[in-house]
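Colleague: What follows is a predicted protein model with its sequence.
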Amino acid sequence: MALADLADRYRRETGAFVAVGHVDHGLRGRAARVDAAFVERWCLSRGLPVDVQRVHGRQGARRRRKGVEEAARHFRYAALARSARKFRCPWVLTAHTLGDQAETIVLNLLRGAGPAGLAGMAADAPWPAGAGPRLGRPLLGVSRDEILAYLQKRKIPWRKDATNDEPLFLRNRIRPTLRRWERWRPGFFARMAQTAQIFRDEEEYWRRRLVPTREGHRRKNAPFRLDIAPFLRYPIVEQRRRLRHLFGLAHFESVERVRALAAAPSGGSPRGPLDLPGVRVARAGRFLLFRYRRPGTKSGRRSLQ
């Protein structure tokens, strides 16, 4: 609601077009329907176009064989992309805050993320699910307390999602702990955000240096041959970055196994081939050969992705 009010104020000051997208994930029954009606009424009172969509989170999770939270996120961004197309909007803004950033970093750490995961969320980012509008998070440096103070000062009504306080998902379970840390060490969230910014800047440097393509993603025609000798002359940190950014190895274990294969004496151990997620890596003379697999396949012809 704070973001909607800020966007509406911006619209009134500049004449820019602003619309509101609201997604009912189909997980909270009547409470979610009341939330949607609340948003519609508020938007109508402000003269703001609004698009309310309802998705089927639980059924979608079963169909996709994903967790409910992951499936809901997928459907939410798909719905927001549809709203953006409907209104011809090049940007979608979400109201992630400083606390959301801290939660994301800790969750990624618990999942074993590397620098990209510890970089957290960016205030300006490409769409997270393929082609879509630009994704902006203008409140990423703002605390929850600041948001509540803004709502109270502006006399803006809001709704509370009661499930945020229930230990349904890992994010909900770690939230009270992180808030206690913030109380014990004021500024903890801000310092985490600063650390994430350092990681983001480093990630951007390596992307631009190694993969000079749009949005820094790995090249569609990824290399499938690695010359071992020059590769081993790079420092370890650059070896890892090259394997990740150029050859698409997302997991630390995969990167380290390929580095060990490259460093093994000719005829020594390990000799490979290595069957890794999405790719098979084999040693052939002075080269490592990468055979990329199409998603959902275990073997077959090389498919560059």
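Modeller: Here it is on my side, so go on. Numbering: from 1, shown residues only.
Colleague: domain ranges for the chain?
Modeller: 1-89, 96-217, 221-292 (automatic domain parsing).
Colleague: Now mean neighbour count and mean pLDDT too, for these, in JSON lines please.
Modeller: Where C-beta positions appear, they are placed from N, C-alpha and C, glycine not excepted. Conversion of the domains of the chain to JSON lines gives the following (neighbours: other Cβ atoms under 10 Å; pLDDT from 0 to 100):
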{"stretch": "domain 1-89", "mean neighbour count": "16", "mean pLDDT": "88"}
{"stretch": "domain 96-217", "mean neighbour count": "15", "mean pLDDT": "89"}
{"stretch": "domain 221-292", "mean neighbour count": "16", "mean pLDDT": "88"}
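Colleague: which element follows whichever helix in the chain runs longest toward the C-terminus?
Modeller: Longest helix in the chain, counting residues (DSSP state H): helix 188-210. Note on helix 188-210: by DSSP states H and E, the next helix or strand toward the C-terminus is strand 225-227.
Colleague: where's the nearest residue to R244 once chain neighbours are set aside, which helix or strand?
Modeller: Leaving aside its chain neighbours, R244 sits nearest to V255 (6.3 Å; criterion: Cβ to Cβ, 6 or more residues apart in numbering). Here V255, judged by DSSP H and E, is contained in helix 252-263.
Colleague: ok, now which ones touch R200?
Modeller: Neighbour list for R200: 119-120, 122 [criterion: Cβ atoms under 8 Å, 6 or more residues apart in numbering].
Colleague: at 7 Å instead, please
Modeller: Shown in contact with R200 (Cβ atoms under 7 Å, 6 or more residues apart in numbering): 119, 122.
Colleague: now do A81
Modeller: Neighbour list for A81: 127, 132-133 [criterion: Cβ under 7 Å, 6+ apart].
Colleague: Tell me the spacing between it and A122.
Modeller: With distances taken as Cβ to Cβ, to the nearest Å, A81 is found 18 Å from A122.
Colleague: likewise A131?
Modeller: 18 Å.
Colleague: So L135 is in contact with A122, correct?
Modeller: No: judged on Cβ atoms under 7 Å, L135 makes no contact with A122 at a distance of 8.4 Å.
Colleague: How about residues contacting stretch 7-22?
Modeller: Stretch 7-22 is contacted from outside by 4, 36, 39, 43, 46, 48-52, 80, 83, 87, 89, 93, using Cβ under 7 Å, 6+ apart.
Colleague: coming back round to it: so after the helix holding V255, what's the next helix or strand?
Modeller: Remark: after helix 252-263, the chain's next helix or strand is strand 274-276, criterion DSSP H and E.
Colleague: and whichever helix or strand comes after that next one, what does it pack onto?
Modeller: The first helix or strand that comes after strand 274-276 along the chain, using DSSP H and E, is strand 279-284. Other helices and strands packing on strand 279-284, by 3 or more Cβ pairs under 7 Å, 6 or more residues apart in numbering; DSSP states H and E, are helix 252-263, strand 287-292.
Colleague: Please save the CA atoms from strand 279-284 in CSV.
Modeller: Extracted in CSV, the C-alpha atoms of strand 279-284 (Å, rounded to 0.1, in the frame of the first residue of the first chain):
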residue,chain,number,x,y,z
VAL,A,279,26.3,-31.3,-18.7
ARG,A,280,28.8,-34.1,-19.1
VAL,A,281,32.5,-33.2,-18.9
ALA,A,282,35.2,-35.4,-20.4
ARG,A,283,38.9,-35.0,-20.8
ALA,A,284,40.4,-35.4,-24.2
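Colleague: Okay, angle between that strand and strand 287-292 too, please.
Modeller: Interaxial angle, strand 279-284 versus strand 287-292 (axes from the mean of the first three to the mean of the last three Cα atoms, to 10 degrees): 160 degrees.
Colleague: Strand 279-284 pairs with which strands, and in what direction?
Modeller: When pairs are called by DSSP bridges, strand 279-284 turns out to pair with strand 274-276 (antiparallel), strand 287-292 (antiparallel).
Colleague: quick check, distance from the last one to the centre of its chain.
Modeller: Just to be clear, that refers to strand 287-292. Here strand 287-292 is found 28 Å from its chain centre; the criterion is Cα atoms, centre = their mean, to the nearest Å.
Colleague: same check, this time on stretch 16-31
Modeller: Counting by Cα atoms, centre = their mean, stretch 16-31 is centred 20 Å from the centre of its parent chain.
Colleague: Would you mind measuring the gap between the ends of it?
Modeller: 32 Å (Cα to Cα, to the nearest Å).
Colleague: just the strands in this protein please.
Modeller: Assigned by DSSP state E, the chain shows strands spanning 20-24, 50-54, 91-93, 124-125, 134-136, 225-227, 274-276, 279-284, 287-292.
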